[in-house]
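Trainee: sequence first, predicted model second:
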Amino acid sequence: MSVSKNIISFKKELPANVRLVAVSKTKPVSVLFEAYQAGQRIFGENKVQELCDKYEQLPKDIEWHFIGHLQRNKVKFIAPFVTLIHGVDSLRLLEKINEEAQKNNRLIDCLLQVHIAKEDTKFGFDETELIDLLNDSDYHKLENIRICGLMGMATYTDDNDLISREFKSLADLFNKVKSDCFFDKSHFTELSMGMSGDYQIAVEQGATLVRIGSSLFGTR
């Protein structure tokens, strides 16, 4: 499998407004560098230690996205350099990211994770919790984080109609939140949804970031 060919073909296929997050977890640095040489600059990792190790070894113009479930006690390790944290699912985590961003004199971009799938195993806010957070006075005190959009994962199923409905529900919520809470914020633009198996449906429903792993790098 040629990683560079896969990168190039994905970039041709995706619309100009959709960015490719190459999900490189478990892949060796040599494979990431091949993707880098093919022009890929955004990589997604879900383990803090692995992300830090790869950051040290690879070029510094890479945008590192953290796409896993982030524990509060691990935030300090990625706070100096992470570009975007995809899956923020609590005020406590946001507060911790803000605290560590402050220590590093940074503004850290985050996406709020919404639970749109049928499975209980996936994390995220429901709509009411999301609105409550955005109206919470404690959230409004956080000056070193910036909410740039929403993220969600569809049910793992072959039912494309269900996946499409779930992604549409997230896109509708994004539009509602943008008009109600971020109407004056030009940075609220990102909708991270879609992986190797369902990214085409996600793109149809308005994704701006798709997280692709196995289709680029092969199965783990």
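Mentor: Everything's here; your move. Residues are numbered from 1 along each chain as shown.
Trainee: CA atoms for contacts and neighbours, from now on please.
Mentor: OK.
Trainee: where's Asp53, which helix or strand?
Mentor: helix 48-57 (DSSP states H and E).
Trainee: got the buried residues for that helix?
Mentor: Neighbour-count burial for helix 48-57, with 16 or more other Cα atoms under 10 Å as criterion, is recorded at Val48, Leu51, Cys52, Lys54, Tyr55.
Trainee: now swap in stretch 71-85 and tell me
Mentor: Val75, Lys76, Ile78, Ala79, Pro80, Phe81, Val82, Thr83, Leu84, Ile85.
Trainee: stretch 102-111 too?
Mentor: Under 16+ other Cα under 10 Å, the buried positions of stretch 102-111 are Gln102, Arg106, Leu107, Ile108, Asp109, Cys110, Leu111.
Trainee: ends of stretch 199-209, how far apart?
Mentor: Chord length of stretch 199-209, first to last residue, is 9 Å (Cα to Cα, to the nearest Å).
Trainee: same deal with stretch 191-209?
Mentor: Taking Cα to Cα as the criterion, the two ends of stretch 191-209 lie 6 Å apart.
Trainee: please apply the same query to stretch 195-207.
Mentor: Taking Cα to Cα, the first and last residues of stretch 195-207 lie 11 Å apart.
Trainee: ok, and what's touching that stretch?
Mentor: 18, 160, 163-164, 167-168, 171, 190-194, 210-215 (Cα atoms under 8 Å, 6 or more residues apart in numbering).
Trainee: hmm, who's touching stretch 179-189?
Mentor: Leu134, Ile147, Cys148, Gly149, Lys178, Thr208.
Trainee: from the chain's centroid, how far away is it?
Mentor: 18 Å (Cα atoms, centre = their mean, to the nearest Å).
Trainee: can you give me the buried ones in that stretch?
Mentor: So, applying 16+ other Cα under 10 Å, buried residues of stretch 179-189: Phe182, Phe188, Thr189.
Trainee: just the CA atoms of it, as PDB, please.
Mentor: C-alpha atoms of stretch 179-189 as PDB (Å, rounded to 0.1, in the frame of the first residue of the first chain):
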ATOM      1  CA  SER A 179     -26.300  31.400  15.300                       C
ATOM      2  CA  ASP A 180     -27.200  31.400  19.100                       C
ATOM      3  CA  CYS A 181     -23.800  31.500  20.800                       C
ATOM      4  CA  PHE A 182     -21.100  32.200  18.200                       C
ATOM      5  CA  PHE A 183     -22.800  34.500  15.700                       C
ATOM      6  CA  ASP A 184     -20.000  37.100  16.200                       C
ATOM      7  CA  LYS A 185     -17.100  34.600  16.300                       C
ATOM      8  CA  SER A 186     -15.400  34.000  13.000                       C
ATOM      9  CA  HIS A 187     -13.400  31.000  14.400                       C
ATOM     10  CA  PHE A 188     -16.500  28.800  15.000                       C
ATOM     11  CA  THR A 189     -16.200  27.000  11.700                       C
END
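Trainee: pLDDT of that stretch, averaged?
Mentor: Averaging pLDDT along stretch 179-189 yields 95.
Trainee: ok, now stretch 66-82?
Mentor: Regarding stretch 66-82, the rounded mean pLDDT is 97.
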